[in-house]
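Following is a predicted model, sequence given first.
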Amino acid sequence: MSTAPSNPREAQEKHDAEASVKRNPHGDFAKVQASRPDWDESRTWRFTKTRNPEWTYGSGAGSGSKSNVNGPSSTSEKQHISIDPYAPDRQPVQNYKLLISGIIPRPVGFLSTRSKDGLSTNLAPFSYTQLFNHDPPIFCVGFSGGFDNAKDSLRNLVETGECVINIISEDFVEAANACAIDLPYGLSEWSVSGLTPANCEVVKCSRIKESVFSVEGKLLSTQEFESRSPKTPGKKTGVLAVIEGVRFWVREDAINEDRTLIDPAVLRPVARLGGITYARVVDGFELPRPVLKEERAECKLGEELLKEKVDGQ
(Lines give C-alpha, C1' and ligand atoms only; values in the text may rest on other atoms or scores of the structure.)
Protein backbone atom coordinates (compact mmCIF):
# COMPACT_ATOMS: atom_id res chain seq x y z
CA MET A 1 0.00 0.00 0.00
CA SER A 2 1.38 3.36 -1.01
CA THR A 3 1.69 5.93 1.76
CA ALA A 4 3.49 8.64 -0.18
CA PRO A 5 1.83 12.05 0.20
CA SER A 6 -0.22 13.42 -2.66
CA ASN A 7 1.33 16.04 -4.90
CA PRO A 8 -0.28 18.68 -7.15
CA ARG A 9 -0.15 16.33 -10.13
CA GLU A 10 -1.95 13.56 -8.23
CA ALA A 11 -4.54 16.04 -7.01
CA GLN A 12 -5.17 17.20 -10.58
CA GLU A 13 -5.53 13.61 -11.76
CA LYS A 14 -8.17 13.03 -9.09
CA HIS A 15 -9.92 16.23 -10.14
CA ASP A 16 -9.94 15.09 -13.78
CA ALA A 17 -11.40 11.74 -12.74
CA GLU A 18 -14.15 13.55 -10.82
CA ALA A 19 -14.95 15.63 -13.90
CA SER A 20 -15.39 12.45 -15.93
CA VAL A 21 -18.19 11.33 -13.61
CA LYS A 22 -20.22 14.38 -14.71
CA ARG A 23 -22.44 14.53 -11.64
CA ASN A 24 -23.23 18.17 -12.34
CA PRO A 25 -26.00 18.23 -15.01
CA HIS A 26 -25.87 22.01 -15.41
CA GLY A 27 -23.66 24.01 -17.73
CA ASP A 28 -24.04 27.12 -15.60
CA PHE A 29 -25.03 26.17 -12.07
CA ALA A 30 -25.02 29.77 -10.81
CA LYS A 31 -27.66 30.66 -13.40
CA VAL A 32 -29.80 27.64 -12.48
CA GLN A 33 -29.49 28.40 -8.76
CA ALA A 34 -30.53 32.02 -9.31
CA SER A 35 -33.81 30.85 -10.88
CA ARG A 36 -34.83 28.85 -7.81
CA PRO A 37 -36.73 30.00 -4.68
CA ASP A 38 -34.66 31.26 -1.75
CA TRP A 39 -33.84 28.96 1.15
CA ASP A 40 -36.87 28.87 3.42
CA GLU A 41 -35.62 29.23 6.99
CA SER A 42 -39.20 29.00 8.27
CA ARG A 43 -39.35 25.33 7.28
CA THR A 44 -38.39 23.71 10.53
CA TRP A 45 -38.80 20.20 11.91
CA ARG A 46 -42.37 19.03 12.47
CA PHE A 47 -44.29 15.79 12.90
CA THR A 48 -47.05 14.90 10.43
CA LYS A 49 -49.50 12.04 10.26
CA THR A 50 -48.43 8.99 8.28
CA ARG A 51 -49.42 9.03 4.61
CA ASN A 52 -52.38 6.73 5.22
CA PRO A 53 -53.40 6.46 8.89
CA GLU A 54 -56.33 4.23 7.84
CA TRP A 55 -54.07 1.56 6.30
CA THR A 56 -55.03 -2.00 7.26
CA TYR A 57 -53.15 -5.29 7.08
CA GLY A 58 -53.09 -6.79 3.61
CA SER A 59 -53.89 -3.48 1.90
CA GLY A 60 -50.53 -3.22 0.14
CA ALA A 61 -49.14 -0.01 -1.33
CA GLY A 62 -51.32 3.04 -1.79
CA SER A 63 -54.61 1.24 -1.27
CA GLY A 64 -57.12 3.27 0.70
CA SER A 65 -55.01 6.41 0.83
CA LYS A 66 -57.00 9.61 0.55
CA SER A 67 -54.00 11.35 -1.01
CA ASN A 68 -53.37 8.70 -3.64
CA VAL A 69 -54.30 10.73 -6.71
CA ASN A 70 -53.16 8.17 -9.28
CA GLY A 71 -55.04 5.24 -7.75
CA PRO A 72 -53.67 2.10 -6.12
CA SER A 73 -53.19 0.15 -9.34
CA SER A 74 -51.18 2.72 -11.29
CA THR A 75 -47.79 1.87 -9.81
CA SER A 76 -48.29 -1.90 -9.91
CA GLU A 77 -49.06 -1.71 -13.64
CA LYS A 78 -45.71 -0.12 -14.42
CA GLN A 79 -43.09 -2.48 -15.83
CA HIS A 80 -39.53 -2.79 -14.50
CA ILE A 81 -36.28 -2.83 -16.45
CA SER A 82 -33.60 -5.42 -15.69
CA ILE A 83 -30.05 -4.04 -15.66
CA ASP A 84 -26.94 -6.23 -15.66
CA PRO A 85 -24.20 -4.24 -13.86
CA TYR A 86 -21.56 -6.18 -15.83
CA ALA A 87 -23.17 -5.99 -19.28
CA PRO A 88 -20.51 -5.61 -22.05
CA ASP A 89 -21.84 -2.20 -23.11
CA ARG A 90 -22.23 -0.82 -19.56
CA GLN A 91 -19.59 1.39 -17.95
CA PRO A 92 -18.90 1.16 -14.18
CA VAL A 93 -19.65 4.89 -13.85
CA GLN A 94 -23.20 4.16 -15.01
CA ASN A 95 -23.66 1.83 -12.04
CA TYR A 96 -22.26 4.49 -9.74
CA LYS A 97 -24.69 7.14 -10.93
CA LEU A 98 -27.61 4.73 -10.81
CA LEU A 99 -26.86 3.54 -7.27
CA ILE A 100 -26.35 6.97 -5.72
CA SER A 101 -29.67 8.09 -7.18
CA GLY A 102 -31.55 4.99 -6.05
CA ILE A 103 -30.15 4.38 -2.55
CA ILE A 104 -31.39 7.61 -1.00
CA PRO A 105 -31.34 9.48 1.25
CA ARG A 106 -27.86 8.65 2.55
CA PRO A 107 -26.15 10.13 5.62
CA VAL A 108 -22.97 12.05 4.96
CA GLY A 109 -19.99 11.15 7.13
CA PHE A 110 -17.81 14.24 7.44
CA LEU A 111 -14.47 12.67 8.36
CA SER A 112 -11.70 14.41 10.24
CA THR A 113 -8.31 12.68 10.18
CA ARG A 114 -4.70 13.47 11.04
CA SER A 115 -1.43 12.16 9.61
CA LYS A 116 0.74 9.86 11.68
CA ASP A 117 3.38 12.55 12.25
CA GLY A 118 0.68 15.05 13.25
CA LEU A 119 1.84 17.60 10.68
CA SER A 120 -1.14 17.31 8.33
CA THR A 121 -4.90 17.03 8.79
CA ASN A 122 -7.79 16.31 6.44
CA LEU A 123 -11.52 17.04 6.31
CA ALA A 124 -13.67 15.31 3.71
CA PRO A 125 -17.38 14.37 3.30
CA PHE A 126 -18.30 10.75 2.45
CA SER A 127 -21.80 9.70 1.40
CA TYR A 128 -20.86 6.01 1.61
CA THR A 129 -21.35 6.11 5.40
CA GLN A 130 -23.65 4.11 7.65
CA LEU A 131 -24.25 2.84 11.20
CA PHE A 132 -24.31 -0.97 11.55
CA ASN A 133 -24.29 -1.81 15.25
CA HIS A 134 -24.66 -0.19 18.67
CA ASP A 135 -22.77 -2.54 21.04
CA PRO A 136 -20.07 -1.89 20.11
CA PRO A 137 -20.98 1.16 18.00
CA ILE A 138 -19.93 0.20 14.47
CA PHE A 139 -19.78 2.48 11.45
CA CYS A 140 -18.68 1.79 7.89
CA VAL A 141 -17.23 4.30 5.45
CA GLY A 142 -16.53 3.62 1.78
CA PHE A 143 -13.58 5.22 -0.01
CA SER A 144 -13.23 5.39 -3.80
CA GLY A 145 -10.10 3.89 -5.32
CA GLY A 146 -7.73 1.37 -3.80
CA PHE A 147 -4.79 1.47 -1.41
CA ASP A 148 -2.46 2.08 -4.35
CA ASN A 149 -4.09 5.48 -4.87
CA ALA A 150 -5.38 6.23 -1.39
CA LYS A 151 -6.72 9.71 -0.83
CA ASP A 152 -5.60 11.66 2.22
CA SER A 153 -8.47 10.62 4.52
CA LEU A 154 -7.97 6.91 3.89
CA ARG A 155 -4.20 7.19 4.18
CA ASN A 156 -4.46 9.01 7.49
CA LEU A 157 -7.10 6.60 8.82
CA VAL A 158 -5.04 3.52 7.99
CA GLU A 159 -1.74 4.90 9.29
CA THR A 160 -3.15 6.24 12.59
CA GLY A 161 -6.20 4.01 13.08
CA GLU A 162 -8.24 7.07 14.10
CA CYS A 163 -10.86 9.48 12.79
CA VAL A 164 -13.86 11.55 13.80
CA ILE A 165 -17.20 11.14 12.03
CA ASN A 166 -19.07 14.45 12.12
CA ILE A 167 -22.71 14.82 11.06
CA ILE A 168 -23.40 17.69 8.68
CA SER A 169 -26.15 20.16 9.60
CA GLU A 170 -27.82 22.79 7.45
CA ASP A 171 -25.74 25.54 9.09
CA PHE A 172 -22.50 24.48 7.44
CA VAL A 173 -23.41 22.47 4.36
CA GLU A 174 -21.55 24.88 2.06
CA ALA A 175 -18.47 24.70 4.29
CA ALA A 176 -18.60 20.90 4.22
CA ASN A 177 -18.91 20.88 0.44
CA ALA A 178 -15.88 23.18 0.20
CA CYS A 179 -13.81 20.41 1.79
CA ALA A 180 -14.39 18.24 -1.29
CA ILE A 181 -12.18 20.58 -3.33
CA ASP A 182 -9.05 19.01 -4.85
CA LEU A 183 -6.44 20.59 -2.58
CA PRO A 184 -2.85 19.29 -2.88
CA TYR A 185 -1.52 17.42 0.14
CA GLY A 186 -0.50 19.83 2.91
CA LEU A 187 -3.10 22.53 2.26
CA SER A 188 -5.78 22.86 4.93
CA GLU A 189 -9.48 22.11 4.45
CA TRP A 190 -10.05 23.69 7.86
CA SER A 191 -8.86 27.00 6.45
CA VAL A 192 -10.80 26.71 3.18
CA SER A 193 -14.03 25.83 5.00
CA GLY A 194 -13.70 28.19 7.95
CA LEU A 195 -14.83 25.44 10.31
CA THR A 196 -13.47 25.21 13.85
CA PRO A 197 -11.34 22.30 15.16
CA ALA A 198 -12.14 21.11 18.68
CA ASN A 199 -10.21 18.72 20.91
CA CYS A 200 -11.21 15.10 21.36
CA GLU A 201 -10.74 12.83 24.38
CA VAL A 202 -9.64 9.51 22.85
CA VAL A 203 -8.31 10.22 19.35
CA LYS A 204 -5.72 12.80 18.36
CA CYS A 205 -7.52 14.28 15.36
CA SER A 206 -9.98 17.13 15.89
CA ARG A 207 -13.75 17.06 15.78
CA ILE A 208 -15.75 19.84 14.14
CA LYS A 209 -17.06 22.22 16.78
CA GLU A 210 -19.98 23.32 14.59
CA SER A 211 -21.23 19.73 14.28
CA VAL A 212 -24.16 18.96 16.59
CA PHE A 213 -23.15 15.28 16.71
CA SER A 214 -19.66 13.82 16.33
CA VAL A 215 -18.20 10.37 16.95
CA GLU A 216 -14.57 9.64 17.77
CA GLY A 217 -13.62 6.45 15.95
CA LYS A 218 -11.00 3.71 15.95
CA LEU A 219 -10.32 1.67 12.81
CA LEU A 220 -11.16 -2.03 13.18
CA SER A 221 -10.57 -3.36 9.67
CA THR A 222 -10.48 -2.57 5.97
CA GLN A 223 -11.42 -4.47 2.85
CA GLU A 224 -10.32 -3.55 -0.65
CA PHE A 225 -12.50 -4.28 -3.67
CA GLU A 226 -11.61 -5.10 -7.26
CA SER A 227 -13.67 -4.28 -10.33
CA ARG A 228 -15.81 -7.09 -11.73
CA SER A 229 -16.45 -5.18 -14.92
CA PRO A 230 -14.95 -6.82 -18.04
CA LYS A 231 -13.73 -3.34 -19.02
CA THR A 232 -11.56 -2.87 -15.92
CA PRO A 233 -10.55 -6.32 -14.65
CA GLY A 234 -8.39 -6.25 -11.53
CA LYS A 235 -8.72 -2.49 -11.02
CA LYS A 236 -8.87 -1.50 -7.35
CA THR A 237 -12.12 0.41 -7.08
CA GLY A 238 -12.85 0.96 -3.39
CA VAL A 239 -12.00 0.36 0.24
CA LEU A 240 -14.47 -0.34 3.04
CA ALA A 241 -13.39 0.83 6.49
CA VAL A 242 -15.05 -0.60 9.60
CA ILE A 243 -14.83 1.90 12.47
CA GLU A 244 -15.73 1.57 16.14
CA GLY A 245 -17.19 4.61 17.87
CA VAL A 246 -15.34 5.21 21.14
CA ARG A 247 -16.69 8.59 22.22
CA PHE A 248 -19.81 10.61 21.36
CA TRP A 249 -20.13 14.40 21.34
CA VAL A 250 -23.59 15.99 21.31
CA ARG A 251 -24.40 19.68 21.61
CA GLU A 252 -26.08 20.30 24.96
CA ASP A 253 -29.24 21.84 23.50
CA ALA A 254 -29.80 18.85 21.21
CA ILE A 255 -29.78 15.99 23.75
CA ASN A 256 -32.56 14.90 26.09
CA GLU A 257 -32.12 14.55 29.86
CA ASP A 258 -31.12 10.89 29.91
CA ARG A 259 -28.80 11.36 26.92
CA THR A 260 -30.54 8.90 24.64
CA LEU A 261 -32.24 11.05 22.00
CA ILE A 262 -31.00 13.80 19.68
CA ASP A 263 -33.58 16.37 18.65
CA PRO A 264 -33.83 16.48 14.82
CA ALA A 265 -34.99 20.08 15.05
CA VAL A 266 -31.58 20.99 16.45
CA LEU A 267 -29.49 18.49 14.47
CA ARG A 268 -31.08 19.53 11.16
CA PRO A 269 -29.16 16.90 9.20
CA VAL A 270 -28.50 17.07 5.47
CA ALA A 271 -28.89 13.91 3.40
CA ARG A 272 -27.21 12.96 0.12
CA LEU A 273 -29.27 12.17 -2.97
CA GLY A 274 -28.11 11.45 -6.52
CA GLY A 275 -25.82 13.62 -8.65
CA ILE A 276 -25.11 16.89 -6.82
CA THR A 277 -28.47 16.88 -5.02
CA TYR A 278 -28.97 17.05 -1.25
CA ALA A 279 -32.09 16.97 0.93
CA ARG A 280 -33.21 18.65 4.11
CA VAL A 281 -34.95 16.67 6.85
CA VAL A 282 -37.90 18.83 7.85
CA ASP A 283 -40.84 16.44 8.21
CA GLY A 284 -41.22 13.25 10.19
CA PHE A 285 -43.88 10.81 11.25
CA GLU A 286 -44.03 8.00 13.79
CA LEU A 287 -44.99 4.37 13.25
CA PRO A 288 -44.93 2.00 16.24
CA ARG A 289 -43.47 -1.42 15.45
CA PRO A 290 -46.31 -3.98 15.41
CA VAL A 291 -46.45 -6.85 17.92
CA LEU A 292 -48.38 -9.88 16.65
CA LYS A 293 -50.04 -10.72 19.97
CA GLU A 294 -51.32 -7.17 20.42
CA GLU A 295 -52.45 -6.78 16.81
CA ARG A 296 -54.48 -9.98 17.03
CA ALA A 297 -56.01 -9.03 20.40
CA GLU A 298 -57.16 -5.70 18.98
CA CYS A 299 -58.55 -7.43 15.86
CA LYS A 300 -56.29 -5.37 13.58
CA LEU A 301 -54.73 -8.43 11.97
CA GLY A 302 -57.22 -11.06 10.85
CA GLU A 303 -56.45 -14.78 10.97
CA GLU A 304 -57.21 -15.03 7.23
CA LEU A 305 -53.97 -13.15 6.48
CA LEU A 306 -51.80 -15.49 8.55
CA LYS A 307 -50.98 -18.06 5.87
CA GLU A 308 -48.18 -20.52 5.23
CA LYS A 309 -45.49 -19.34 2.87
CA VAL A 310 -45.73 -20.43 -0.74
CA ASP A 311 -43.47 -20.17 -3.79
CA GLY A 312 -42.93 -16.59 -4.79
CA GLN A 313 -43.50 -15.13 -1.34
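Yes, it's here. Residues are numbered from 1 along each chain as shown.

can we go C-alpha only for contacts and neighbour counts from here?
OK.

Can you show me the strands along the protein?
Along the chain, counting by DSSP state E, strands occupy 46-47, 109-114, 121-126, 129-134, 137-144, 162-167, 197-198, 207-208, 213-226, 236-250, 270-272, 278-280, 283-284.

wait, which of those is closest to residue 257?
strand 236-250 (12.2 Å; Cα to Cα).

Can you give me the buried ones in that closest one?
The neighbour-count check on strand 236-250 (16 or more other Cα atoms under 10 Å) flags 236-247, 249-250 as buried.

That one packs against which elements?
strand 137-144, strand 213-226 (3 or more Cα pairs under 8 Å, 6 or more residues apart in numbering; DSSP states H and E).

nearest to residue 283, of the buried residues of strand 236-250?
Nearest to residue 283 among the buried residues of strand 236-250, counting by Cα to Cα, is residue 250 at 21.7 Å.

Return the residues in contact with the spatially closest residue to the closest one that is not a sequence neighbour.
In space, and not counting its chain neighbours, residue 250 is closest to residue 213: 4.7 Å by Cα to Cα, 6 or more residues apart in numbering. Applying Cα atoms under 8 Å, 6 or more residues apart in numbering, we find residue 213 in contact with 166, 167, 248, 249, 250, 251, 267.

what's the most distant pair in those?
Greatest spatial distance in these: 248 and 267, 14.3 Å, computed using Cα to Cα.

what's the spacing between residue 255 and residue 51?
In this view, residue 255 and residue 51 are 28 Å apart by Cα to Cα, to the nearest Å.

okay, the two: which has more neighbours?
Set residue 255 next to residue 51 and count neighbours by other Cα atoms under 10 Å: residue 255 wins out with 18 against 13.

In the sheet, which residues pair with that one? Tell me.
Residue 255 has the following beta-bridge partners by DSSP bridges: residue 262.

could the buried residues of strand 236-250 go into JSON lines alongside distance to residue 139?
Shown next, in JSON lines, are those (distance: Cα to Cα, whole Å):
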{"residue": "236", "distance to residue 139": "22"}
{"residue": "237", "distance to residue 139": "20"}
{"residue": "238", "distance to residue 139": "16"}
{"residue": "239", "distance to residue 139": "14"}
{"residue": "240", "distance to residue 139": "10"}
{"residue": "241", "distance to residue 139": "8"}
{"residue": "242", "distance to residue 139": "6"}
{"residue": "243", "distance to residue 139": "5"}
{"residue": "244", "distance to residue 139": "6"}
{"residue": "245", "distance to residue 139": "7"}
{"residue": "246", "distance to residue 139": "11"}
{"residue": "247", "distance to residue 139": "13"}
{"residue": "249", "distance to residue 139": "15"}
{"residue": "250", "distance to residue 139": "17"}
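
Identify the farthest-apart pair in those residues.
Of all pairs drawn from the buried residues of strand 236-250, the greatest distance, 36.7 Å, lies between 236 and 250 (Cα to Cα).

hey, what's residue 167 bridged with?
residue 109.

Residue 207 too?
In this entry, residue 207 is beta-bridged to residue 198, by DSSP bridges.

Was I right to think it contacts residue 201?
No. Residue 207 sits out of contact with residue 201 when judged by Cα atoms under 8 Å, with a separation of 10.0 Å.

residue nearest the centroid of the chain?
Closest to where the C-alpha atoms of the chain average out (Cα atoms, centre = their mean) is residue 107, at 2.8 Å.

So it is in contact with residue 268, correct?
No. Checked against Cα under 8 Å, the pair residue 107 and residue 268 is beyond contact range at 12.0 Å.

So for the residue nearest to residue 50 when sequence neighbours are not counted, what's the pLDDT?
Nearest residue to residue 50 in three dimensions, chain neighbours excluded: residue 285, at 5.7 Å (Cα to Cα, 6+ apart). You'll see residue 285 listed with a pLDDT of 92.
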